[in-house]
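Novice: build the 3D model from these lines:
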Amino acid sequence: MTAIAATMQAFFTERLISQRRASPHTIAAYRDTMRLLLGFAAARTATPPGRLDIASLDAPLIAAFLDHLERERGNSIRTRNARLAAIHSLFAFAAQRHPEHAADITRVLAIPAKRADQTIVTFLTDPEAEALIAAPDQSTRTGRRDRAWIQLAIQTGLRASEITGLTRRDIHLGTGAYVACRGKGRKDRISPLTPATVTILRDWLAERAGKPEDPLFLTSHGGPLSTDALQQRLTVHATAAAHASPALAGKKITPHVLRHTAAMRLLHAGVDITVIALWLGHESVRTTHIYLAADLALKEQALNRTTPIGGTPGRYQPPDDLLAFLETL
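Specialist: Predicted structure coming up:
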């Protein structure tokens, strides 16, 4: 067994599972990164993955792999940076076990993350959300299931992985109804449920009989829904909902957009940003500031459509060619 093979196995079993107690979601993300990296390196070097060594995964190859993710796989900069973070974590672990490869490891660790543009979050307006919730066909079991999880996602802001991980016992529909989940970073939290959500979930639980530990949302084959399945079903319903709300046709609807929608609904209702951070399970309130930026952007768009009091309608024109040039910079 080569050094990188033994190190990678120890990285998952000792570092991630035993020492850090990483969540299954984190382990799966790191696993996928390593599978992609090994497949790329094997094709690039004509060496089977099991025979690759640390020297084979040098800084130029890692840099080429990151470019491959963006250019050929179409990954975003954030996904590219997340893959790089997983590689950095592996090589930092390898540095403790293989000082003889310190030079190669140091060069890999020196590869920087790429700066990404800060985009305004996408979210649904109330009419768009209502159209999406109404889109699933209520004459089918699949449609009733989809309506239940879409309503739950828009109202609570649960992540896709949190929705797929829910069991029947996590839903409490008595007085003070709420849903309990274990989120990112192994943090447990509860989210209160509105009467409308309670009604839909009560009907679904009555139809979805089973044991308390059974998954709340199942596939037609009886297994738990995956995050990929959520996206596939959401795409189908967003297309159907666009007939009732044409604005949906111009938006890419993902489970995370439903999470953004829950946050923006709370923000527009006047809920404090620190409460929204706790609601969403954010590690830091700074993460929640993206919703403030989105809200301010909406206000700025409205302001740009107005004419200043006492001003002359029309666009400002520089009075001089030099000033006009400076305006273009």
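Novice: spatially nearest residue to the residue most central in space within the chain (excluding sequence neighbours)?
Specialist: Nearest to the mean C-alpha position of the chain, counting by Cα atoms, centre = their mean, stands residue 256 at 5.5 Å. Using Cβ to Cβ, 6 or more residues apart in numbering and skipping residues adjacent in sequence, the residue nearest residue 256 is residue 160, 7.1 Å away. Using the backbone N, CA and C atoms, a C-beta is placed for each residue, glycine as well.
Novice: just to revisit the earlier point, pull the CA atoms of the host helix or strand of the residue nearest to the centre of the chain into CSV?
Specialist: If you go by DSSP states H and E, residue 256 is part of helix 255-268. Extracted in CSV, the C-alpha atoms of helix 255-268 (Å, rounded to 0.1, in the frame of the first residue of the first chain):
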residue,chain,number,x,y,z
PRO,A,255,-33.8,23.6,-1.9
HIS,A,256,-31.5,26.3,-0.7
VAL,A,257,-33.6,28.9,-2.4
LEU,A,258,-36.5,27.7,-0.1
ARG,A,259,-34.2,28.2,2.8
HIS,A,260,-33.4,31.8,1.6
THR,A,261,-37.1,32.3,1.3
ALA,A,262,-37.8,31.4,4.9
ALA,A,263,-35.0,33.8,6.0
MET,A,264,-36.3,36.7,3.9
ARG,A,265,-39.9,36.2,5.1
LEU,A,266,-38.6,36.5,8.7
LEU,A,267,-36.6,39.6,7.8
HIS,A,268,-39.5,41.3,6.1
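Novice: how many neighbours does residue 41 have?
Specialist: The number of residues packed near residue 41 is 20, by other Cβ atoms under 10 Å.
Novice: average pLDDT across the helix or strand where it lies?
Specialist: Element membership for residue 41, per DSSP H and E: helix 24-45. Average pLDDT, helix 24-45: 91.
Novice: buried ones in the one helix or strand residue 78 maps to?
Specialist: Here residue 78 sits within helix 77-97, counting by DSSP H and E. In terms of neighbour count (16 or more other Cβ atoms under 10 Å), helix 77-97 has its buried residues at 80-84, 86-91, 93-95.
Novice: for those, give me JSON lines that also has pLDDT.
Specialist: Below are the buried residues of helix 77-97 laid out as JSON lines (pLDDT from 0 to 100):
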{"residue": "80", "pLDDT": "94"}
{"residue": "81", "pLDDT": "95"}
{"residue": "82", "pLDDT": "93"}
{"residue": "83", "pLDDT": "95"}
{"residue": "84", "pLDDT": "96"}
{"residue": "86", "pLDDT": "95"}
{"residue": "87", "pLDDT": "96"}
{"residue": "88", "pLDDT": "96"}
{"residue": "89", "pLDDT": "95"}
{"residue": "90", "pLDDT": "95"}
{"residue": "91", "pLDDT": "95"}
{"residue": "93", "pLDDT": "94"}
{"residue": "94", "pLDDT": "93"}
{"residue": "95", "pLDDT": "92"}
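Novice: what does the helix holding residue 78 rub up against?
Specialist: The contact list for helix 77-97, computed with Cβ atoms under 8 Å, 6 or more residues apart in numbering, reads 3-4, 7-8, 10-11, 15, 29-30, 33-34, 36-37, 54, 62, 66, 69-70, 75, 101-102, 105-106, 108-109, 111, 113-117.
Novice: among the residues you listed, name the ones in helices.
Specialist: In this view, the contacts of helix 77-97 that belong to helices under DSSP state H are 3-4, 7-8, 10, 29-30, 33-34, 36-37, 62, 66, 69-70, 102, 105-106, 108-109.
Novice: restricted to buried residues, select those in ChimeraX.
Specialist: Applying 16+ other Cβ under 10 Å to these leaves a buried subset, and the ChimeraX line that selects it is:
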select :3,4,7,8,30,33,34,36,37,62,66,69,105,108
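Novice: before we move on, back to that, distance check, the residue nearest to the centre of the chain against residue 3.
Specialist: 38 Å (Cβ to Cβ, to the nearest Å).
Novice: go on, residue 141?
Specialist: 52 Å.
Novice: for residue 155, same thing?
Specialist: Noted for residue 155: a distance of 50 Å to residue 3, by Cβ to Cβ.
Novice: what does residue 267 give?
Specialist: Residue 267 is 50 Å from residue 3, by Cβ to Cβ.
Novice: cool, residue 80 as well?
Specialist: According to Cβ to Cβ, residue 80 stands 26 Å off from residue 3.
Novice: next: residue 166.
Specialist: For residue 166 relative to residue 3 (Cβ to Cβ), the value is 42 Å.
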